[in-house]
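In: please find the sequence and the predicted model below.
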Amino acid sequence: MKLTQTRKIYGGYRRTNGFLRSNAVLVSGMALPFVVVPTITLKAGVAISAAVLCSLEAAMIVAALIGERLPQWARIAVSVNAAMAAIFLIYPLAGLLSPQLYDAMGIYFCLAALNTMVLVRTESYAVRHTWYHSALDGLRYGGGFALVALVLSAARELLGQGTLWGTQLLPFRLPAVQMVFFGFIAVGMMAAAANGIRRLLGRLLWSVDNPKPLKGKENSLEEVTQDA
């Protein structure tokens, strides 16, 4: 069994951990309420993505600089306060997108500083790595959140209101798409699609290195590499 091309591509694929590989939302289920509830328009999706990304970056860098010098409860408090400071800094900028944006998003914009990515990644990664690597990790996980939030918010605005970024595009509306339950359904469908793409990619890479059929076994990219 040859896996030359598979290992080469998988090496780059592993570097997208949190973004494409093990997406923070679709695989890990982190910050799920923030990607489901407020993302009813594309503007709201951009705003919540910026809030989560900036708060996560600030918390990761601060946690990495502190390291393990403080007890865990103190590290968490400092990291959350850093995330809140980042939220306050971008708060006026988000309002420029739409004057009604804060009312539409409710409390979720400010609560982005307490999302599970901040609480989990600061303790599981940042405190044991340099600020530079922690910042990159925050970009990957925050980017993974933004990817899902932007796709979901664009689809919900287009189908639910017939508009995209406030511009009328469709002559019909499906109001149910704007409800929270549809957000959970859509995230589940996106997670299933992402898993299917990983399996398809693994199967295609296997066929490149091994022309013989897989004998009915459908491997994901991770499973193909682990089998080696």
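Out: Okay, I see it.
In: in three-state terms, label the residue nearest the centre of the chain for me.
Out: Central residue of the chain (Cα atoms, centre = their mean): F145, 1.8 Å from the mean position. Using DSSP: H, G, I helix; E, B strand; the rest coil, the structure places F145 in helix.
In: ok, it to N23 distance?
Out: F145 sits 8 Å away from N23, taking Cβ to Cβ, to the nearest Å as the criterion. Any C-beta I mention is one placed from the backbone N, CA and C, and that applies to glycine too.
In: likewise for A58?
Out: Applying Cβ to Cβ, one obtains 22 Å for the distance of A58 from N23.
In: do you know the pLDDT at the residue nearest to the centre of the chain?
Out: Listed pLDDT for F145 reads 93.
In: and what of A193?
Out: So, for A193, pLDDT stands at 90.
In: surely P171 touches Q161?
Out: No. Counting by Cβ atoms under 8 Å, Q161 is not a contact partner of P171; they are 11.8 Å apart.
In: between these two, which one's more packed in?
Out: Regarding P171 and Q161, a neighbour count based on other Cβ atoms under 10 Å identifies Q161 as having more, with 19 against 6.
In: contacting residues for the closest residue to the more buried one other than its chain neighbours?
Out: Distance criterion Cβ to Cβ, 6 or more residues apart in numbering; nearest residue to Q161, sequence neighbours excluded, is R173 at 5.9 Å. Neighbour list for R173: L159, G160, Q161, G162 [criterion: Cβ atoms under 8 Å, 6 or more residues apart in numbering].
In: make sure I have this right: R173 is in a helix.
Out: No. Going by three-state DSSP, the assignment for R173 is coil, not a helix.
In: what about the helices in this structure?
Out: Secondary structure of the chain by DSSP state H: the helices cover 4-14, 32-36, 42-66, 72-95, 101-105, 108-111, 116-124, 131-161, 180-209, 221-227.
In: tilt between the longest one and helix 42-66?
Out: Note on geometry: by axes from the mean of the first three to the mean of the last three Cα atoms, to 10 degrees, helix 131-161 and helix 42-66 are set 160 degrees apart in direction.
In: do you know how far the residue lying closest to M117 once chain neighbours are set aside is from T116?
Out: Spatial nearest neighbour of M117, excluding adjacent residues (Cβ to Cβ, 6+ apart): M30 at 4.8 Å. Remark: distance between M30 and T116 (Cβ to Cβ) = 5 Å.
In: so which of the two has more stuff around it?
Out: Taking other Cβ under 10 Å, M30 and T116 do not tie; M30 has more neighbours (23 against 15).
In: list the contacts of the more buried one.
Out: Here M30 is in contact with A24, N115, T116, M117, V120, Y141, F145 (Cβ under 8 Å, 6+ apart).
In: didn't the second one look like it was pressed against G29?
Out: What it means is N115. No. If you go by Cβ under 8 Å, N115 and G29 don't touch, sitting 11.6 Å apart.
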